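>>> From the sequence below, what's the structure:
(2 chains)
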Amino acid sequence: MIDMKRMKNCLLIDDDIDDQEIFEICVQELNPDIKFLAVKNGIEAVSLLKSNDSYTPDYIFIDVNMPKLNGLDCLKILRANERLHACKIYMYSTTSAHSSLEESKKLGADDFIIKPTKTAELKEILSKIFKIDLI
Amino acid sequence: MAIDLEKLNDNSMTDKNILYQKMIEEIQDYAIILMDKEGYIQNWNKGAQKIKLYTEEEILGKHFSIFYLPNDLQDNLPFKLLTQAHDTGRAVQEGWRKRKDGSTFWGSITITALHDDDNQVIGFCKVTRDLTDKKYAEDNLRMSEERYHQMIAEVQDYAIILLSAEGVIENWNAGAESIKGYTASEVVGKKFELFYTEQDRKSNLPYKLLAEAKEKGKAVQEGWRLRKGGMKFWGTIVITALHNKEGDVIGFSKVTRDLTAQKVVEEKLAAYTAELEIQNSELEQFAYVASHDLQEPLRKIQTFTELIQSNFHDKEFVKKYFNKLDASAKRMSDLVKSLLNYSRLSKEKEVYTTVNLNDILKDVKEDFELLIEEKQADISNDPLPLVSGNSIQIGQLFSNLISNSLKFCCKKPVIKISSKIVNKEQLLDPPQNLIHDRYHHITFEDNGIGFEEQYNKVIFSLFQRLHGKQDYSGTGIGLALCKKIAENHLGYINAQSEEGKGAIFNVFIPILDNNSYRNSQRL
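Numbers count the residues shown, from 1 in each chain, chains lettered A, B, ... in the order given. Model (predicted):
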């Protein structure tokens, strides 16, 4: 069972609404108690964190290829935020160009996840991250 | 006869004469000969014997012309010298003379006339010195100098020039003539800045190089120089300071090599390399597209299919995801189409004709008729020019720019297209490789969402999207295509904008006569 004292917060930063939706479906199916939020880009994420002091995500997933602030620049900013020192941050992308994979590790990403084609695969990846046993 | 030196104090005339005669007799380094007024030898000293090898007995009473070579005898030189000594008191000459054994020596000769109390010539004294060794040394030196001079004068591949300390040309060789086109008489005495371009002269390069050579011993430089008539050549130049024994600079040597042919090859190679680099980076972009942009809709299609399968009985869900499936497939198809367009643009050699931009705009407006009506867009334009180009490509350029203006707009779109003619110097932020002097400047101005100034370059790269996929549709190829089309026409495109305040796209297409167009096309 997960810790019920505090609901886990999961934030997805992705400009693709379809991917937001698929991600949410998977998270909800894994555990409806995880509080899921999605924003369209890094700038929205930064302003969300700034405007809401009490909101501290436990997991952040960042799409690499985004307009305005790209995923790696976004990662850099978030990693510099002290409030997120315990937060797990993952890159979440359609493809893993070798350079961006290496770069994200250097910048402190916990892992680099390639967007799977099957929801079952995504759920499996997320269950490991959230430490939930799949039913 | 022994002489008592102590008796020298004695004023005895006889002793002095004896001493004097002895002195003459004993001198070894000079042949001192007494001759009568016809030139017959009367007296002979040790020096004469040593130099000419005759003993006194052999030579006394002989005529002094015996020492002269046949050429000189033919010229009557002995007589001429005697006459000169007779008339003027003395005759001085240097020349080859003959010894007893027939060998020659270089003699320095002075013939002095001797007079009696009535000032009548009674004979001659002839003093000869053997300067053969000195003569050889001098000859060698002179020949070596001559050879050296000839060597420099006849070198063809290098211009070797002697400059005065002030930079005045003092010497000019065959290489200088062939490289710079001037003959020696045209340039000797002129200042060497003559070979420098106006720009280099303005920046004082010629004298900066002399100053450098003066300070450091030499100055090395490569650059464009002028031949006679103003034609340029690419020269590599070494200027070396020349010093006297005191260490003062007394002039400069300037060695110039013409490397124009190499330079041209080098530049061609550099241009080719740059072209390759561009093509390479385009290829990389393509690879990225194939792996990312094309994979994205594919992945979604797979995911949606799976979701539909597992929620097959939820009619609402199935309907929604079928629509999404359809949208992803359409996006995939759009991407493939525009990629094809783009790659065709890179490869095909298109036909160039005179293109009427007013007709192009009319066609594009017809294509977008529905969208213009739906968005109530206002598209106005100045009378547009005729340009040399490919009408299909220019049509694509207009279509992409206008469709962008219609697309990236959240209110009623107002699009204005204007045109003017500009000179090369008036161009906005031009790329370096433009070759034409006059351009059509066509402006596309809209009132759309615009973009932040910092993105004014990246928007032209392949698959660069500034706006979220769900807010505005598009494949990320449109502007890359526009850039390619402008470049294919030997022009360029750029953009200015402030976010939220509309965008201006400037297209520059060179003005040229129809014949020259095909020739000036890039390979």
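>>> where in chain A is pLDDT low?
A:1-6, A:97-98, A:133-135 (pLDDT under 70).
>>> Give me every residue in it lying close to chain B.
Residues of chain A lying near chain B by Cβ under 8 Å from any Cβ of the partner chain: A:15-19, A:22, A:25, A:40-41, A:65-68, A:94-95, A:97, A:115, A:117-120. From N, CA and C alone the C-beta is placed, and that goes for glycine too.
>>> Which of these are buried? Put it as a PyMOL command.
In PyMOL, this line selects whichever of these come out buried by 16 or more other Cβ atoms under 10 Å in any protein chain shown:
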select buried, chain A and resi 15+16+18+19+22+25+40+41+65+66+67+68+94+95+115+117+119
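>>> Spit out the contact partners of B:Glu154.
B:Asn173, B:Ala174 (Cβ atoms under 8 Å, 6 or more residues apart in numbering or on different chains).
>>> Can you show me the helices along chain A?
Assignment of helices within chain A using DSSP state H yields the ranges A:17-30, A:42-51, A:71-79, A:98-106, A:119-130.
>>> What residues of the last one count as buried?
By neighbour count with 16+ other Cβ under 10 Å, helix A:119-130 contains the buried residues A:Thr119, A:Leu122, A:Lys123, A:Ile125, A:Leu126, A:Ser127, A:Ile129, A:Phe130.
>>> can you check stretch A:93-110 too?
Buried residues in stretch A:93-110, defined by neighbour count with 16+ other Cβ under 10 Å: A:Ser93, A:Thr94, A:Thr95, A:Ser96, A:Ser100, A:Leu101, A:Glu103, A:Ser104, A:Leu107, A:Ala109.
>>> farthest-separated two in those residues?
Spatial extent of the buried residues of stretch A:93-110 (Cβ to Cβ) is set by the pair A:Thr94 and A:Leu107 at 19.4 Å.
>>> which SS class is B:Lys412?
Of the three states, B:Lys412 takes coil under DSSP: H, G, I helix; E, B strand; the rest coil.
>>> what's around it, how many residues?
A count of nearby residues for B:Lys412, using other Cβ atoms under 10 Å in any protein chain shown, gives 10.
>>> Could you do the one 10 residues further on as well?
Here the number of neighbours of B:Val422 (other Cβ under 10 Å) works out to 15.
>>> can you check the one 5 residues further on too?
Other residues lying near B:Leu427 total 17 when counted by other Cβ under 10 Å.
>>> How about A:Val27?
23.
>>> how much space between it and A:Tyr59?
9 Å (Cβ to Cβ, to the nearest Å).
>>> Same question for B:Val364.
From B:Val364 across to A:Tyr59, the span is 48 Å (Cβ to Cβ).
>>> mind listing what's buried in stretch B:81-96?
Neighbour-count burial for stretch B:81-96 flags B:Leu81, B:Leu82, B:Gln84, B:Ala85, B:Arg90, B:Ala91, B:Gln93, B:Gly95 (criterion: 16+ other Cβ under 10 Å).
>>> so which of those would you say is closest to A:Cys74?
Nearest to A:Cys74 among those, with distances taken as Cβ to Cβ, is B:Gly95, at 101.6 Å.
>>> got a list of what the closest one touches?
Taking Cβ under 8 Å, 6+ apart, we find B:Gly95 in contact with B:Asp72, B:Leu77, B:Trp106, B:Gly107, B:Ile109.
>>> Spell out which two among those are the most distant pair, please.
Of all pairs in the contacts of B:Gly95, the most separated under Cβ to Cβ is B:Leu77 and B:Trp106 at 14.8 Å.
>>> Pick out the residue of the stretch 1-150 of chain B closest to chain A.
Relative to chain A, the nearest point of the stretch 1-150 of chain B is B:Tyr148 (63.0 Å; Cβ to the nearest Cβ).
>>> which SS state does that residue fall under?
Quick answer, by three-state DSSP: B:Tyr148 is helix.
>>> Give me the subset of the buried residues of stretch B:81-96 lying in strands.
Among the buried residues of stretch B:81-96, DSSP state E puts B:Arg90, B:Ala91, B:Gln93, B:Gly95 in strands.
>>> sorry, back to before: quick check, nearest of the buried residues of stretch B:81-96 to B:Leu114?
B:Ala85 (9.5 Å).
>>> My guess is the closest one contacts B:Thr112. True?
Yes. Using Cβ atoms under 8 Å, B:Ala85 is in contact with B:Thr112, at 6.5 Å.
>>> Can you name the residues that contact the residue sitting nearest the centre point of chain A?
Centroid check for chain A by Cα atoms, centre = their mean gives A:Phe61 as the closest residue, at 1.5 Å. Residues in contact with A:Phe61 (Cβ under 8 Å, 6+ apart) are A:Cys10, A:Leu11, A:Leu12, A:Ile13, A:Asp14, A:Phe23, A:Ile89, A:Tyr90, A:Met91, A:Tyr92, A:Ile113.
>>> want to throw those into TSV with neighbour count?
Shown next, in TSV, are the contacts of A:Phe61 (neighbours: other Cβ atoms under 10 Å in any protein chain shown):
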residue	neighbour count
A:Cys10	24
A:Leu11	24
A:Leu12	23
A:Ile13	28
A:Asp14	26
A:Phe23	22
A:Ile89	22
A:Tyr90	20
A:Met91	26
A:Tyr92	23
A:Ile113	18
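>>> which of these lies closest to chain B?
Nearest to chain B among the contacts of A:Phe61, with distances taken as Cβ to the nearest Cβ, is A:Asp14, at 9.6 Å.
>>> What about that closest one? Give its phi and psi, please.
phi -160, psi 130 (degrees, to the nearest 10).
>>> for B:Ser203, same thing?
The phi and psi values for B:Ser203, taken as degrees, to the nearest 10, are phi -90, psi 10.
>>> what mean pLDDT would you report for stretch B:77-88?
Mean pLDDT, computed over stretch B:77-88, is 94.
>>> same question but for stretch B:432-441, I mixed them up
Model confidence over stretch B:432-441, given as mean pLDDT, is 84.
>>> Need the distance between the two termini of it.
For stretch B:432-441, the first-to-last residue distance is 17 Å (Cα to Cα, to the nearest Å).
>>> Show me what counts as buried in that stretch.
Going by neighbour count (16+ other Cβ under 10 Å), the buried part of stretch B:432-441 is B:Tyr439, B:His440, B:His441.
>>> tell me the contacts of the first one?
Read that as B:Tyr439. B:Ile421, B:Val422, B:Asn423, B:Lys424, B:Leu427, B:Gly491, B:Phe508, B:Ile509, B:Pro510, B:Ile511.
>>> what's the answer for the second one, then?
Residues in contact with B:His440, defined by Cβ under 8 Å, 6+ apart, are B:Pro385, B:Val387, B:Ser419, B:Lys420, B:Ile421, B:Phe508, B:Ile509, B:Pro510, B:Ile511.
>>> Of the buried residues of helix A:119-130, which is the nearest to B:His63?
Checking the buried residues of helix A:119-130 against B:His63 by Cβ to Cβ gives A:Ile125 as the nearest, at 128.7 Å.
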